[in-house]
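**Q** Fold the stuff below for me.
(chains A and B)
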Amino acid sequence: MASLSAPGPSRPAAGGRPGPLDRYAAERATGALRGPAGCVYLHQGAVYCVECPAAPGPGTRLAAAGRLAPECWRHAEEAAGADRQGARFLVGRGWLTRGELELCQLTAMLDAACFVLPPAPGSVSFAPGEAHWLGVVRPVGAGALLAAVARRRAQLDRLGAWAAADGAPVVPVPPAPGGRPLTGRQRWLLAHADGRRTPGQLAHALGRSAFLTVLEVRRLAAAGRVRLPAPAALPRRRPGAFRDGPRAADAPPGPTAWHLPDPGVLATADPDAALLVRLRTALEENL
Amino acid sequence: MPGIDQVLARAMGVPGVLGAGLTDWTSGLTLGTAGRAPHGDHDAAAADTAELVQAVARNATFDTAGGDAEPLEDLIVTTGRSYHLVRLVPTAFDSQTCLHLWLDRDRANLAIARLRLRELAAELAEG
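**A** Have a look, this model is predicted:
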């Protein structure tokens, strides 16, 4: 599952080395750059389409808004043909204006780019010449798109303490007295949160930006208006229990094996050691 | 039906205009430009305009339209020599873009520019 927040090798360091996208852009390549999170379509080095399952595409957005029936979108895809002229078909039929298509396509592309860019070296494959059925609507320079994604990610990182809300069902919390009022977008989002759907599922169902939905849910969590999932419980052990040693780095994940305490270990004549043992026992019982 | 470039070309016909741009205000991504930008940098103008809109959009204080009215229409910044006029583009589908004009204060009429920009934003997104 694509994530907006997980750190990984795909994040370049500040002023970092160029990645695969920079390289194909510099070569003015045309084709499809596929990575684990999605696909980036390039035309002469500029990005004109990004597809990612985590972000609702233009067709989903138009359908959710009641602007264009899903059948029309599918029909355009089928009619696009080998020359990839889906956009011309949609505008030519009068189903969308040129401006609408450009705005919807650019907005959806940027949303998907947040989950896909920058692709990590080694995890991508490039199919030269492969094109998207919509065709080139309005390409954007790769550098500008990467910078835009970085600015969006910086907004999320400022709310990084509430990242646990990203993948959890959105459960609204009633306002506390004296709490800050919400924006219209936040109220609208809470009104559609049913306690079961995650931010990503809400974005798809409502045809809204996945990035903005995650960002607003983090803001709502920070304001105490969305319940955060319970953190993983601290490991409990019997007071005085011990492990064999530190877990090896390549050990398979699983519960730690604790050995029960040797009663003799806890009995000591040294008053300082006895105090420390009692203190440790009390602390562990309250963990 | 106009696309982004046609709307920006028309924006250059607004009296007193120095430059125009269309920007995604959640990221500062430049979607289109025409004419000049302050300090000659359209991308910086887009990024700064995006920060301006974000500062207003994320706070409930300015969310006072109520009901079905547009939550946010225009942002206007005036300086001794110029006006910066930002119009959020309303769309049927979810999008976060704004049209912005940089205007010469001596030659522009703020009220007229605002009305023209409203028309242009509607033309861009009308279905």
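**Q** dump the residue contacts of residue 17.
**A** In the absence of a named chain, this looks at chain A. Residues near A:Arg17 by C-beta atoms under 8 Å, 6 or more residues apart in numbering or on different chains: none. Any C-beta I mention is one placed from the backbone N, CA and C, and that applies to glycine too.
**Q** try chain B instead
**A** B:11, B:35, B:101-104, B:108, B:113.
**Q** From those residues, which land in helices?
**A** Here DSSP state H is the test, and these give B:11, B:113 as lying in helices.
**Q** which of the contacts of B:Val17 tops the neighbour count?
**A** The most crowded member of the contacts of B:Val17 is B:Leu101, carrying 28 neighbours; neighbours defined as other C-beta atoms under 10 Å in any protein chain shown.
**Q** what's the nearest residue to that one if we skip its chain neighbours?
**A** Counting by C-beta to C-beta, 6 or more residues apart in numbering or on different chains, B:Leu85 is the residue found nearest to B:Leu101 once chain neighbours are left out, at 4.6 Å.
**Q** thought that neighbour was touching B:Asp74?
**A** Yes - using C-beta atoms under 8 Å, B:Leu85 makes contact with B:Asp74 at a distance of 6.7 Å.
**Q** In terms of neighbours, single out the busier of these two.
**A** When neighbours are counted by other C-beta under 10 Å, B:Leu85 comes out ahead of the other of B:Leu85 and B:Asp74, with 24 against 14.
**Q** about what we covered before: anything in contact with each of B:Leu85 and B:Asp74?
**A** B:114, B:117.
**Q** what does stretch A:174-193 rub up against?
**A** By C-beta under 8 Å, 6+ apart, stretch A:174-193 touches A:170-172, A:202, A:205-206, A:212-213, A:216-217, A:219-220, A:223-226, B:57-60, B:63, B:65, B:71.
**Q** One more pass at 6 Å, please.
**A** A:170, A:172, A:216, A:220, B:60, B:63, B:71 (C-beta atoms under 6 Å, 6 or more residues apart in numbering or on different chains).
**Q** which one of those is nearest A:Ala29?
**A** Comparing the contacts of stretch A:174-193 against A:Ala29 with C-beta to C-beta picks out A:Glu216 as the nearest, at 36.1 Å.
**Q** Would you mark the buried spots in stretch A:127-135?
**A** Buried residues in stretch A:127-135, counted by 16 or more other C-beta atoms under 10 Å in any protein chain shown: A:131-135.
**Q** Run through the residues that contact A:Ala269.
**A** With C-beta under 6 Å, 6+ apart, A:Ala269 has no contacts at all.
**Q** Go through the contacts of B:Val17 and name the one nearest A:Ala29.
**A** Nearest member of those to A:Ala29, counting by C-beta to C-beta, is B:Gly35, at 31.7 Å.
**Q** ok, so what distance separates the closest one from A:Ala230?
**A** In this view, B:Gly35 and A:Ala230 are 55 Å apart by C-beta to C-beta, to the nearest Å.
**Q** same question, A:Ala193
**A** Distance of A:Ala193 to A:Ala230, computed by C-beta to C-beta: 18 Å.
**Q** Show me which of these two is the more surrounded one.
**A** A:Ala193 (20 against 8).
**Q** what's the helix or strand for A:Tyr41?
**A** Using DSSP states H and E, A:Tyr41 sits in strand A:39-43.
**Q** helices and strands around that strand, which ones?
**A** Counting contacts by 3 or more C-beta pairs under 6 Å, 6 or more residues apart in numbering or on different chains; DSSP states H and E, strand A:39-43 is packed against strand A:31-34, strand A:46-51.
**Q** can you put the ones you listed in TSV and add mean pLDDT, mean neighbour count and distance to chain B?
**A** As requested, the helices and strands packed on strand A:39-43 are exported to TSV (pLDDT from 0 to 100; neighbours: other C-beta atoms under 10 Å in any protein chain shown; distance: least, C-beta to the nearest C-beta, whole Å):
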stretch	mean pLDDT	mean neighbour count	distance to chain B
strand A:31-34	96	20	19
strand A:46-51	97	22	11
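**Q** and those strands as JSON lines, adding distance to A:Leu101?
**A** Shown next, in JSON lines, are the helices and strands packed on strand A:39-43 (distance: least, C-beta to C-beta, whole Å):
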{"stretch": "strand A:31-34", "distance to A:Leu101": "21"}
{"stretch": "strand A:46-51", "distance to A:Leu101": "12"}
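**Q** looking at the ones you listed, which is closest to A:Ala127?
**A** Among the helices and strands packed on strand A:39-43, strand A:31-34 comes nearest to A:Ala127, with 4.6 Å by C-beta to C-beta.
**Q** That closest one pairs with which strands, parallel or anti?
**A** strand A:39-43 (antiparallel), strand A:125-128 (antiparallel) (DSSP bridges).
**Q** Contacts for that strand, please.
**A** With C-beta under 6 Å, 6+ apart, strand A:31-34 has contacts from A:39-41, A:124-130.
**Q** can we see that at 10 Å?
**A** With C-beta atoms under 10 Å, 6 or more residues apart in numbering or on different chains as the contact definition, strand A:31-34 has outside contacts at A:20-21, A:23-25, A:39-43, A:47, A:49-51, A:116-117, A:119, A:123-132, A:142.
**Q** Please apply the same query to stretch B:44-51.
**A** A:144, A:147-148, A:151-152, B:19, B:21-33, B:36-39, B:41, B:75, B:77, B:84, B:86, B:96-100, B:102.
**Q** mind running it again at 8 Å?
**A** Counting by C-beta under 8 Å, 6+ apart, A:151, B:19, B:21, B:23-30, B:33, B:37-38, B:84, B:86, B:98, B:100, B:102 sit against stretch B:44-51.
**Q** what's the answer for stretch A:155-171, then?
**A** For stretch A:155-171, the surrounding residues in contact (C-beta under 8 Å, 6+ apart) are A:1, A:3-5, A:189-190, A:193, A:195-200, A:202, A:211, A:214-215, A:217-222, A:226-229, A:231, B:26, B:54.
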